[in-house]
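In: below are the sequence and a predicted model; questions follow.
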Amino acid sequence: MILKMKDKDMINLKIDGKNVSVEAGTTILEAAKKVNVKIPTLCYHPDLCIAGNCRVCMVEIEGSRTLAAACAMPVDQNMNVLTNSLKVRTARKHNIELLLSEHNSECTKCYKNGNCELQDLAAEYKITNDTFIDLVPFHNYTIDHYSPSIIKDDSKCIRCQRCVRTCEELQSVSALGVAYKGEHMKISTFLEKSMYDVVCTNCGQCVNRCPVGALVEKNYIDQVWDAIYDKSKHVVVQTAPAVRVALGEDLGLENGEIVTGKMVAGLRKLGFDSVLDTDFTADLTIMEEGTELLTRLKRALVDKDPTVALPMTTSCSPGWIKFIEHQFPQLLPNVSTCKSPQQMFGALAKTYYAQERNLNPANIVSISIMPCTAKKFEADRPEMRSSGYKDVDFVLTTRELAVMLKQAGIDFKSIPEEKYDSIMGQSTGAAVIFGATGGVMEAALRTAYEIVTGREVPFNELNITPVRGMEGVKEASVKIEGTLPEWKFLEGATLNTATAHGLVNAKKVMEMVVSGEANYHFIEIMACPGGCLGGGGQPIPTNAEIRMKRSDAIYREDSGMPIRKSHENPEVAQIYKEFLEKPLGHKSHQLLHTHYVDRTKK
Amino acid sequence: MKEMIENLTKKYGKSRESLMPILQAVVEKENYLSEEAMNEIAKQLDISAAQVYGTASFYSFLDTEPRGKYVIRVCKSIIAEMKGKKEIIRTLENVLKVKVGHTTPDNMFSLLETNDIGWSDQEPSMLVNEKPYTNLTPEKVISIINEYRK
Amino acid sequence: MSSHNLKKTDIIFGICHTSDDNQNILPGGVCKTSRTKYTVLEEVIKKDPKDIINDIIESGLKGRGGAGFPTGYKWKFGAASPETEKYVICNADEGEPGTFKDRDILLKVPGKIYAGMAICGYCIKAKQGYIYLRGEYRYMIPELQKVLDEFHETIKKIGFDFHIDILLGSGAYVCGEETALMESMEGKRGEPRNKPPFPTIEGFRNKPTVINNVETFVNVVMIQKLGVDEFRKLGTQDSRGSKVFSVSGDTPIPGVYELELGMKLCDFVDEYGDGDTKAVQVGGASGFCVPRKKFDETIIGFEGIPTGGSMMLFNSSRSMYNVLCNYLDFFAEESCGQCTPCRVGCQQLIRGIKAVKCGQRPPEYLDTLLKLTDSMRLSAKCGLGQSVANSFSSIVSNFTEEMIY
């Protein structure tokens, strides 16, 4: 028997004379999209709850005393909506002018010049004179540039609260809030401290969603140009997996295009001495972290060591690291001691690479291109100097690289593809999927399962689909059967894993670990929604559709690679043979592993 | 501080709704919300310090700046202005030897202005902590301050 | 005009007292309501909630806080929801400049407020009520709580399952807005919400909530006590009943007065003015300023200019420019800051007025500002931002010379 589901009531209304029929509960803004009626917005963002505070999306409803905010007003039967009447245009123009009057409008000096939603509106409404009084001189705005990752410029804030909602809803960090009221109302940290001095994880999700230039990444473009033009320096650059599926978006290409070859060619044209790949150290991370996991499991199951910390979590997301250092410092022993691929690369660049290339490490400048703003903070961490120098000198976001490519006049669309240099330029499909949520888990399983059983993971074409996708927390279990003799203590065991992306989901998982509800052995955590492909340094704007296309591109790239398991990367075998000796060996501990800081202690 | 907040959570609970009464209780006891107090409240209510600060700073009576033992809030409504608020302020500034917005060096009095407190029929008026004083004259004000100084 | 044109009433503060009670009134007018037996509730509990709600609809009672929504319909919507968790909230956040009538009601007849809330709870099937009391009225709490404790004891015996708690504000005018008030009760900044949904559908804790002004709850009690017909005899067709007014400014007799709604403003000025009344601000800073020449044609009521009770009188010695500046400073300070038209608009208005006065901007700039207030009225997120236009346009239009010279 098939039970008939009760249909949600359908509402029929008119928008600008067009008939539209939608489910009850739909907002006017959503209904308008269905009939291709464009209503301008500022505080609205598809990833976030509805605010309704900018008052730009006002529309006229016949018979109503006031205008209505299209983003917040649900449709009603026989509603007659006008999105562009004189009343509407007057009110909208006034609100834009009001925003401009309290805004530092020196666009030519602004980092977001050309990619600013307020600029777009001002242009659309042809705001060419100052109707109102300039309020900026009366506000004593401050700029917070103390963080190595994010700059907060209050003189540009339009108080849409997108950053606050992001930090609260998506990340459950709430380092940014709203303070005071009236004319003094502003977006503020605790006691207006610098972002550097509070629980901000540097994830940059706020930067991704700021419509204007109030929150931007701290950019190191000038410093990198200086290094490139310094003839005495050997400048090495590494590129993260998620960059190659998003860089094109800022350079006129479609969302979801794989631009690896063009990116390498562009970097070479910019003048980098060696163009190498973070994916190489991603493979290396799998070797180290996989071994670390198996070692912990052995200590727990064979040695019955009560001090071993399980579940083990990944450690390649610096936003996640700062998060756990603030929120769950008691669980720091559970975090893998492996550095992130970026930092492993940096340490090796000024030791192994310098040695192989006969270079003085003091003359090596190590740059990374990351989809991430937290990586800037990570590179600055005092313990990241295992090489004897600062392991990673400067971190550029995907956005900054696009700026540099434009500055150099490179025609990205037509540049022919090139390949990475070696050594430390070869990688596998397992490495590139690091850029997506579930990727580290999948890469680790592909290797660990084979180490333990001698066979490939029992998933079609090595695609471990249970750990893929955009669900906030994904659980997956792998039964281990037919182990090699050395690993017989794992025979018949089930490895329980969890994968979380977005810190709000990380919090959920860690709370389950604290309460004892969780029975996982291995947890992958990515601070950013979608994983690194949705990182705080990626092209703006961002939304679920964009992230999905980047994700598809990453898994396409993986399928197309000749080698798809980290332990089969020949350069990885080479570095162990010639330099590191073995995973978790002495040299590895020195260069590739790290420790963490309890940030709740004074 | 930790203990004080713990006692307050026992009385008012640990939910977000408990925040207002807890903030009010701390202000009543300590005259203002210190960084330490806000941090401790954030910890025990499992919300961020920025959220505590953001909520507290919204309300005029939840001071996040240090205040004296007695907080004087003189009504600045238009009716108060018409009935002689300026003179009352001048008198207070003379007697306390501080300007509006400041606290006396001995930490006894803070002098502030506030919006309509509900005594427009008896202006000028003021609150000293929660106690209202109405139909003020300079002489009355001086004697009120002297009472508090005892 | 002779003063007998004004019809005084004594519903809110009177009637419930016996002659014994009059001897037990404390200094300041506080009533020793330990004598109040809440007899009206004994009758209410015998009635069908639907009938009581119909009584209120029939009576024509409209909200006494200033917004004037028909009370009976609000209660009907509250009762209609099948949700079991519902709330009754008394808005005691009286903060409109020049309003102090709830002060007296809270001091003198708190028992009637509690009774009105209990009737509401009975009608909509809510078990919990809250009084959101403005922080500036904190001194009232000991006496309010004492009366409340007696109230709880008494109504339990009568058979009501209803409990009231007092919550305190902390100095924020905007928390008088119903959704901002609920945000504050939930421990957050008092930022108004998007409407719809309205509180009767999603209110406190997102549950159906009826929120009414202090005076409205007292009126409900009195309608039950007097009967609908008696109540309907007072006031006019659009403004049934009486209203408590708070009169201040240039008047020899400032204070709280109960008068029938629908009176002519000229009659009011005759009674309360000092003989030289230039303007009356009806409804506080968010109300309208009526100049002398319009006293005759202005009705105080929902068909004319409604008010939460604030009536401020200004004589010819007063500068309307100062008055307007005071109101605009007030709004710029008390705005929650959330929405663009209010947060920035208020700043533009106060700075604009000052610029015109000192010559930095030409007199024509006033027209620009008037157009701005139109947009504020149409696009602000809540009543605060929407109402700034009222005093701004009425003062600027009626006293233009005072703005310029």
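Out: Received, thanks.

In: hey, let's count contacts and neighbours off CA atoms from now on
Out: Noted.

In: domains in chain B, by residue range?
Out: Each structural domain of chain B that the record assigns through automatic domain parsing is listed here as a residue range: B:2-58, B:70-149.

In: what would these look like in a markdown table with mean pLDDT?
Out: Compiled in a markdown table, the domains of chain B are given as follows (pLDDT from 0 to 100):
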| stretch | mean pLDDT |
| --- | --- |
| domain B:2-58 | 97 |
| domain B:70-149 | 97 |
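
In: ok, now which ones touch B:Phe58?
Out: Contact analysis of B:Phe58 by Cα atoms under 8 Å, 6 or more residues apart in numbering or on different chains lists A:Ala179, A:Tyr180, A:Lys181, C:Ala172, C:Arg189, C:Gly190, C:Cys336.

In: mind listing the strands for chain C?
Out: Secondary structure of chain C (DSSP state E): strands located at C:87-92, C:128-133, C:163-168, C:209-213, C:242-249, C:255-260, C:263-264, C:277-282, C:288-291, C:299-300, C:310-315.

In: what bits of the chain have low per-residue confidence?
Out: Let's take chain A. Judged against pLDDT under 70, the low-scoring parts of chain A cover residues A:1-7, A:602.

In: oops, chain C please
Out: Using pLDDT under 70, the flagged stretches of chain C are C:1-4, C:15-37.

In: report the separation between the nearest residue to A:Glu257 once chain neighbours are set aside and chain B.
Out: In this structure, A:Glu257 finds its nearest non-sequential neighbour in A:Val245, 5.7 Å apart by Cα to Cα, 6 or more residues apart in numbering or on different chains. In this structure, A:Val245 and chain B are separated by 35 Å, where distance is defined by Cα to the nearest Cα, to the nearest Å.

In: isn't A:Val245 right next to A:Val259, touching?
Out: Yes - using Cα atoms under 8 Å as the test, A:Val245 is close enough to A:Val259 to be in contact (6.2 Å).

In: which of the two has more neighbours?
Out: The neighbour count for A:Val245 versus A:Val259, taken as other Cα atoms under 10 Å in any protein chain shown, is higher for A:Val245 (25 against 21).

In: what are the phi and psi angles of the residue in the stretch 151-300 of chain A positioned nearest to chain C?
Out: At 4.3 Å from chain C, A:Gly182 is the closest residue in the stretch 151-300 of chain A, using Cα to the nearest Cα. Listed backbone geometry of A:Gly182 is phi 70, psi -140, with angles given as degrees, to the nearest 10.

In: which residues touch C:Met311?
Out: Contacts here follow Cα under 8 Å, 6+ apart; on that basis C:Met311 touches C:Gly98, C:Thr99, C:Phe245, C:Ser246, C:Val247, C:Ser248, C:Val280, C:Gln281, C:Val282, C:Gly283, C:Gly284.

In: which residues pair with it across the strands?
Out: With DSSP bridges applied, C:Met311 shows beta-bridge pairing to C:Val247, C:Val282.

In: how near is it to chain A?
Out: Following Cα to the nearest Cα, the distance that separates C:Met311 from chain A is 25 Å.

In: what of C:Lys47?
Out: If you measure C:Lys47 against chain A using Cα to the nearest Cα, the figure is 36 Å.

In: so which bits of chain B are right by chain C?
Out: Contact residues of chain B with respect to chain C, defined by Cα under 8 Å from any Cα of the partner chain, are listed as B:16-21, B:24, B:54-56, B:58-62, B:77-79, B:82, B:115-122, B:127, B:130-132.

In: switch to 7 Å and redo it
Out: Contact residues of chain B with respect to chain C, defined by Cα under 7 Å from any Cα of the partner chain, are listed as B:16-20, B:55, B:58-62, B:77-79, B:116-121, B:130-131.

In: among those residues, which are in strands?
Out: Those of the residues of chain B next to chain C mapping onto strands are B:Lys131, per DSSP E.

In: of the residues of chain B next to chain C, buried ones?
Out: The neighbour count (16 or more other Cα atoms under 10 Å in any protein chain shown) marks B:17-20, B:55, B:58-62, B:77-79, B:116-121, B:130 as buried among those.

In: around chain B, which positions in the stretch 101-250 of chain A sit nearby?
Out: Where proximity means Cα under 7 Å from any Cα, the interface of the stretch 101-250 of chain A facing chain B comprises A:Ser174, A:Ala175, A:Leu176, A:Gly177, A:Val178, A:Ala179, A:Tyr180, A:Lys181, A:Thr189, A:Phe190, A:Leu191.

In: let's see that with 6 Å instead.
Out: On the criterion Cα under 6 Å from any Cα of the partner chain, chain B has as its neighbours in the stretch 101-250 of chain A the residues A:Ser174, A:Ala175, A:Gly177, A:Val178, A:Ala179, A:Tyr180, A:Lys181, A:Thr189, A:Phe190.

In: redo these as CSV? Include neighbour count.
Out: Formatted as CSV, the entries for these read as follows, by neighbours: other Cα atoms under 10 Å in any protein chain shown:
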residue, neighbour count
A:Ser174, 23
A:Ala175, 23
A:Gly177, 25
A:Val178, 24
A:Ala179, 27
A:Tyr180, 22
A:Lys181, 27
A:Thr189, 26
A:Phe190, 26
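
In: which one of these is nearest to C:Arg292?
Out: Within these, distances to C:Arg292 taken as Cα to Cα reach their minimum at A:Lys181, with 35.9 Å.

In: surely that closest one touches C:Cys336?
Out: Yes - A contact is recorded between A:Lys181 and C:Cys336 when judged using Cα atoms under 6 Å, the distance being 4.9 Å.

In: neighbours of B:Asn146, just the number please.
Out: B:Asn146 has 11 neighbours, counted by other Cα under 10 Å.

In: how near is it to B:Leu111?
Out: Taken as Cα to Cα, to the nearest Å, the spacing of B:Asn146 relative to B:Leu111 amounts to 15 Å.

In: also B:Glu93?
Out: B:Glu93 sits 8 Å away from B:Leu111, taking Cα to Cα as the criterion.

In: which of these two has more neighbours?
Out: B:Leu111 (23 against 15).

In: my read is that one is in a helix, agree?
Out: No - residue assignment for B:Leu111, taken from DSSP: H, G, I helix; E, B strand; the rest coil, gives strand, which places it outside any helix.

In: quick one: contacts for it?
Out: B:Ile72, B:Val100, B:Gly101, B:His102 (Cα atoms under 6 Å, 6 or more residues apart in numbering or on different chains).

In: state the distance from it to chain A.
Out: Going from B:Leu111 to chain A by Cα to the nearest Cα gives 20 Å.

In: beta-bridge partners for that residue, please?
Out: Bridge pairing for B:Leu111 (DSSP bridges) gives the partners B:Ile72.

In: what does the domain assignment say about the chain?
Out: If you meant another chain, say so; for now it's chain A. Taking automatic domain parsing as the domain assignment, the ranges for chain A are A:2-84, A:130-217, A:294-336+A:439-532+A:564-592.

In: that answer is for a different chain, and I need it for chain C
Out: Structurally, chain C divides into domains by automatic domain parsing as follows: C:27-232, C:242-315, C:320-404.

In: and those domains: which comes nearest A:Glu450?
Out: Within the domains of chain C, the stretch nearest A:Glu450 is domain C:27-232; the backing value is 52.5 Å (Cα to Cα).

In: the closest one: how far from the chain's middle?
Out: The chain centre lies 12 Å from the centre of domain C:27-232; the measure is Cα atoms, centre = their mean, to the nearest Å.

In: do that domain and chain B meet at all?
Out: Yes - using Cα under 6 Å from any Cα, domain C:27-232 reaches chain B at C:Pro97, C:Gly98, C:Phe100, C:Glu136, C:Tyr139, C:Ser170, C:Gly171, C:Ala172, C:Glu186, C:Gly187, C:Lys188, C:Arg189.
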